[in-house]
Each structure stands twice: as structure tokens, then as C-alpha cells.
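**Q** Sequence and predicted structure below; questions after.
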Amino acid sequence: MPNFLTKRWHGLHSVLTLIIMFALTAVLSYFSWVAGLIGLLLTIGAAVYVYIAERAFRNEFKQYVQTLSYRLKTSGTDIIQQLPFGIIIFNEEHNVEWHNPYISTILNEDNLVGEPLNKLFPSLSQVKDADATVELMLNQHMYRLTFREKARIVYVQDITESWALQKKYDEERLSIGIVMIDNLEEVTQGLDDNQRSSLLSKVTGKITEWAQRHEVLLKRLTSDRFLLITDQHTLRALEQTRFDILDDVREMTNDQKIPITLSIGFAAGAEHILELGHWAHRSLDIALGRGGDQATVKFGTRQTFYGGKTNAVEKRTKVRARVVAHTLRDLIKESYNVVIMGHRIPDMDAIGAAVGILKAARMLGKESYIVLEGVNPSIDRMMELLREDEKIAQRFITPEQAFGLMNSHTLAVVVDTHKASMVAEPKLLSMTERIAVIDHHRRSEEFLSHATLMYLEPYASSTCELVTELLQYIHDRISLDVRESTSLLAGITVDTKSFSLRTGARTFEAASFLRRNGADSSMIQRMLQEDLHGYITKSEIIKHATIMYDHIAIAVVSQGEVKSQLLIAQSADTLLNMSNIYASFVIAERPDGLIAISARSFGQINVQIIMERMGGGGHLTNAAAQLEGTVDEVAAKLRDVLKQIDEEEGLFE
């Protein structure tokens, strides 16, 4: 090509020379016609030469271009045939129109023209965007498919090497865990030093053996706490075992009056080591907040729970209750006013606990109010009792009224829930930084982590039990009237099913204190009475119950038959009273259009874990969920979850 450029330059130079020669010939003709004639002849000769040379150049250039085009076409075809990635051109019906040999190589087919793309690469059927990238495994190789809808082309690139490197990097990233013996104080109380040392040595040996078996670095931090260091690959393997160390330690110490249980917090996927450590501590806090005897794993944005098969062990000392009571008292004194909230559609436990906190604030001389949102028919009689006292009745306000009372110095007390999304009005919590939470439910992933005071005790029967204990330490001379004490006792009675479930020594101590302060049990009995129509409706619901795994009862109400949340919960309670039933589930449509599930058990089956997989939550023996869709869809999903849990853990054998 440079030779052609030189010739072109010479051609232009010749034309310029001719122009100059014509100009000189004209000048010479002016002075002598002979000289002009000679100049003209020379100029004509030069012009003929230039013309012949130009024709020769054009013919040569044309031949060169033709040769180059052929070479480019041949080379281009060869390059496309030898490309180290695949190209597929498809038509409007997404059928293959053309592909290069690379595609035939990876799919082991000579000719794929006419084949549907979705048949060759099923993953493309899930692509909804015009331009998308999909990764898939074929014949032990990882490929990246770049899909271009407008151009009707798919590029297929082998990324096995980079994918393997990325996978190795991910598997070798650091993972940190903390193991804690969560009931050491309760178990060793009353044991002498030799017995305590022997028991601790036995448990430590089991934990050490487990860590060595899985190649996890174990470092003892305190007598009841251990640090675990491993990689993400090993953590995934531990998740596959569902942290069987929890069951091993519990079964090994079954001869104790109270078996020893562990709580484990694991973290992986953080960008920095400090963040990873924070995640591990937070995971352990969540495991403890959910009652212990379980593992919590935070893997990037994923939070997973394992274990949780036993009830939380009741704390035998009230030191924490006293410390929390004094902290709450100081918070109330330092606040301008107090706004108390339970969960939406409150039950007797939420209202009773709110009345208890209202009493504490009034005794400390602070204006206090209870935010009431939603109507629960089960508390109608309770509200009638409270409204008989004008001082209490005027303290119930709507969320709209509460907005006018909130400021940065207001103390917001949340009772019977620790989820911001479940309180009567979540926006109220954003109007103050002074928040106290008192709850007895197992801690969930959604959590009011920025609360100033957190009193979360899953061992407690009810929030009313916790509030009753706090009242005894908040003020030296606490005095409750009949309505206040009865409301608190009613909350305990309902949540314990008349003291038949989740009761400990402290539950009866709280009930005894309330009884001494005038709580009327006959009044509670009248509150809990049900009407004949409700009883018949419950019977109709229970009549259609089916049994799974010999001990699980599921009652599904027909689509379109709307039932109240209270009736659904009561039906689950009644169904649990049937012989050989360990867990009960009632599914029905609520008035708001959502499909509700109420789950109950005696403790052999953790219904909280089941409901969490359904998008809800709750307690070991009492949980619920609300979902969109139809009754049949929710029932099918519940059966799938039960089947999945049975395959993973064999809980229903």
C-alpha cells in the first residue's frame, strides 16, 4: 500500500508540472512563435505520458483492491471459523439460523441450525431483558452467554478458568464464629468445683473434637465462650451438617437436670475484618435473643438459622430484671413524656404490658399515653374494663394524636414485639432516638437495633410477666389497682394457656404478686369466655383438618370464607388439644384479604422456624404468618416447607 501512495504522489506532481509547462508555453509564444510551438509539442508529449501512466496506475490499483478484498474475505471467514468463542445468530422464533464451529464443539453436534435456543440453553428461557448475561455449566465447563435480542445474536464464552479462580478465592475467604455455652450458670448452679470442672471439660472436649473434625481453628476466650476461625468453604460444609454439635452437646448432657446448650454466631462475606467481627458478635446476639440452642449464620446479605429445638432456659436470678428496671426508670425520668406502643391488632399481652408501663410512668410523674391501632375482638371485654377507669381510658390515643405529642425528648416504649414494621405506627419511632423495647418473642432478623434499652427474654411466658417484674424494681412502693393488676394477669393467662404452657417459677411469682395487688381471676375468666357462634365456627374449621406425619394437623378453610385472626388462632389452639397432635396449623382468609396461618405446638416441633420460612415468625410453640395469594397456594407452600424440613432434619419421624 505505501508503494501506491508514492505513485499517487508522483502522478499529482506530474499534473502540476504539465500546468507549469502550459503556462511557460503561453509566455514563450508571446515572444516567439517557434519557441511556443516547440514548448507546445513538449507539453503535449508530457500530457500523453501522464495519461498513459495514470491509466496504468488505475488498472494496477483496481487489481490490488480486488486481490485485497478476496484475501480479506478468505481471512475473515477463517477467523470466524477459528474464533475462541461461540456465535449464534437466531431468527424471530428464537431458532438457530447460523453458528460457528465453536458451538458445535461445546455441544457435540455438527449442525444445530433450526434448533430452539431454549432447548440448547435452557437458562435463556428465564431471560426477560433484551440484553442479558447468563452463566451456566456445560460438560464441566462454565460458559457466559451474552444475549442480544435486537441483533438476534448470542455470544458464548468459556470462563471456566476465571470462574474457578473466583470460586477458589470465595472459598478461601475468612469466616469467623463465636460459640457460647448459653446456660452455664443455670446448669452449674448447686454443683461443687469438681463437678463443674468435670462437666466443663466434657463439653469443651466435645467442642474441640467437632472443631478438629471440620478443620476449624478453635481458641478459648472465657470459660463459656470460644472463637472459631475458618474459611467460607468450611462454613458451607458446617451449614450442610446443620451444626450437629448443638444436638451432640445437648444429648451428651441429658443426664443433667438442665442439659447444656450452645449458641453459635457465624459471619462471612464482609469486606473488612472489623466488619466481619461485628457480624459474628451480632449473629451470636441474635442466637441468644432467639432463646439459645441454635446457630445464626450471616453470609453476606443472607441470614440463616439452625437448631432452636428447645425452649429458652428460665434465668433463676433477677439481677438483669433489676438492672433493666433501674435503666428504664432513669430513661422515664429524663424524658419529657412517654408514648407506649404494642403491635398492630393488639392482644391481651400487649395491652396488659402497656398498662403496666403506663403505671410506671405515672408513678414517676410523667405524662404517658398508649397508642392503640386496630381492633381485636378478643380484647373487647378487657377494653371495657379499662375504660371504666377514666384516668386509664383517656390515656389511649390514636396514631394521629401521637404525632402531636412526639419530640426528640419523648421516650417510646415498644412492648410485645421487637419489629418496627409491626408496631402500631412505625413512623413514630423515627421521631425520637429514645426507644425502649420489652418483648418475650424469639429475636428475628428484623430488629430494632438502634433502641436505647433492649429487654428481650425468650424464656418468659409473656411480656406482662417481664413488665410485672420490672414494676417491682422501678418503684419501692408499687401499688396497682384492680384493673391494672387484672390486665397484667390476663396477659400472662392468655399467653400461657391458663398456666399450662411456657411457665416457670418466675411466671408464678409474677402472678402471685399481681394476685396480692388485687388481680381478679374471675374477671379474667369472663374476659376469655367465647360465644356459641364462635364455638360452632371453630368446630366447622376443625372438622376439615387433615393429618401429616401422624402428628401434624392442618386445617384449611375454603377460599372466600373470611375468618378473623382471633378465630383462626383459637382454632389452632383447640386443634392442638386433640390427642397425638404435636403441632397444628390453621389457614384461612382474613378480612383484609391476606391469607393467615396460625401455628401452635407443645414444643416438640419448633413452629417458629416453620413460620419464618413462610415469611412470618413468633415463638417456639406459638407462631403465625400472613401471605398474599390463595388459601390453596399457601397450604401447598406450607406442605412443601414441612416436607423440606423433614428431609433436612427428620423432625417428624
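**A** Nice, thanks for sending it over.

**Q** Please count neighbours and contacts with C-alpha atoms only from this point.
**A** OK.

**Q** Please measure how far the first residue of stretch 391-400 sits from its last one.
**A** This stretch, stretch 391-400, spans 20 Å end to end (Cα to Cα, to the nearest Å).

**Q** May I have the secondary structure class of Gly603?
**A** Here Gly603 is coil, with the state taken from DSSP: H, G, I helix; E, B strand; the rest coil.

**Q** ok, the nearest residue in space to it that is not next to it in sequence - contacts?
**A** Spatial nearest neighbour of Gly603, excluding adjacent residues (Cα to Cα, 6 or more residues apart in numbering): Thr621 at 5.5 Å. By Cα atoms under 8 Å, 6 or more residues apart in numbering, Thr621 lies in contact with Ala599, Arg600, Ser601, Phe602, Gly603, Ile605, Asn606, Val607, Gln608.

**Q** Same check on Ile181?
**A** Residues in contact with Ile181, defined by Cα under 8 Å, 6+ apart, are Asp224, Arg225, Ile260, Thr261, Leu262, Ser263.

**Q** Which of the residues you listed fall in strands?
**A** Of the positions in these, Arg225, Leu262, Ser263 sit in strands, assigned by DSSP state E.

**Q** can you pick the most crowded of the residues you listed?
**A** Taking other Cα atoms under 10 Å as the neighbour criterion, Ser263 ranks highest of the ones in strands among the contacts of Ile181 with 28 neighbours.

**Q** so what's that residue bridging to?
**A** Judged by DSSP bridges, the bridge partners of Ser263 are Met180, Gln294.

**Q** same deal with Leu456?
**A** With DSSP bridges as the criterion, Leu456 is bridged to Asp439.

**Q** and the one helix or strand Thr537 maps to, how far out from the chain's middle?
**A** Assigning secondary structure by DSSP states H and E places Thr537 in helix 532-543. In this view, helix 532-543 has its centroid 37 Å away from the chain centroid, taken as Cα atoms, centre = their mean, to the nearest Å.

**Q** What's the mean pLDDT across it?
**A** Confidence for helix 532-543, expressed as mean pLDDT, is 84.

**Q** so what does the very next helix or strand once past it touch, helix or strand wise?
**A** The helix or strand immediately downstream of helix 532-543 is strand 546-548, counting by DSSP H and E. With contacts taken as 3 or more Cα pairs under 8 Å, 6 or more residues apart in numbering; DSSP states H and E, strand 546-548 sits against strand 552-556.

**Q** Adjacent strands (with direction) for the strand it packs on?
**A** Here, using DSSP bridges, strand 552-556 pairs with strand 546-548 (antiparallel), strand 583-589 (parallel).

**Q** Report the distance from that strand to the chain centre.
**A** Distance, centroid of strand 552-556 to centroid of chain: 27 Å (Cα atoms, centre = their mean).

**Q** Closest to Met454 out of the contacts of Ile181?
**A** Met454 has its nearest neighbour among the contacts of Ile181 in Ser263, at 19.3 Å by Cα to Cα.

**Q** Go ahead and confirm the closest one touches Arg290.
**A** No - taking Cα atoms under 8 Å as the definition, Ser263 is not a contact partner of Arg290, at 9.7 Å.

**Q** circling back to that earlier point, now, of the strands paired with strand 552-556, which is deepest in the fold?
**A** Among the strands paired with strand 552-556, strand 583-589 has the highest mean neighbour count (mean count of other Cα atoms under 10 Å), at a mean of 28.

**Q** what's in contact with that strand?
**A** 551-563, 568-569, 571-573, 575-576, 595-602, 605, 607, 631, 634-635.

**Q** if you set the cut-off to 7 Å instead, what comes out?
**A** With contacts defined as Cα atoms under 7 Å, 6 or more residues apart in numbering, strand 583-589 is touched by 551-557, 559-563, 568, 571-572, 575-576, 595-602, 605, 631.

**Q** Same question for stretch 225-241.
**A** Outside stretch 225-241, the residues that touch it by Cα under 7 Å, 6+ apart are 170-181, 216-221, 268.

**Q** Go through those and flag which are in helices.
**A** Counting by DSSP state H, the contacts of stretch 225-241 place Asp170, Glu171 in helices.

**Q** From the contacts of stretch 225-241, list just the buried residues.
**A** For these, a burial check counting by 16 or more other Cα atoms under 10 Å picks out Glu171, Leu174, Ser175, Ile176, Gly177, Ile178, Val179, Met180, Ile181, Val216, Leu218, Ala268.

**Q** Max pairwise distance over the residues you listed: which two?
**A** Farthest-apart pair in the buried ones among the contacts of stretch 225-241 is Glu171 and Ile181; separation 28.4 Å (Cα to Cα).

**Q** one step back: could I get the buried residue list for the helix holding Thr537?
**A** Lys538, Ile541, Ile542.

**Q** Going by neighbour count, list what's buried in stretch 369-388.
**A** Residues of stretch 369-388 classed as buried: 369-373, 377-379, 381-383, 385-387 (neighbour count, 16+ other Cα under 10 Å).

**Q** Tell me which of these fall in helices.
**A** Per DSSP H, the buried residues of stretch 369-388 map to helices at Arg381, Met382, Met383, Leu385, Leu386, Arg387.

**Q** Spatially nearest residue to the fourth one, not counting backbone neighbours?
**A** Yep, that's Leu385 we're talking about. Arg483 is the one closest to Leu385 (Cα to Cα, 6+ apart), at 6.9 Å.

**Q** wait, is the one you found part of a helix?
**A** Yes - counting by three-state DSSP, one finds Arg483 located in a helix.

**Q** What about it, how many residues nearby?
**A** If we define neighbours as other Cα under 10 Å, then Arg483 has 23 of them.

**Q** Surely it touches Leu386?
**A** Yes - using Cα atoms under 7 Å, Arg483 is in contact with Leu386, at 6.3 Å.

**Q** which stretches of the stretch 251-400 of the chain form helices?
**A** Using DSSP state H, counting those that start in this stretch, the helices assigned to the stretch 251-400 of the chain run over residues 273-289, 319-334, 348-363, 380-387, 390-393, 399-403.
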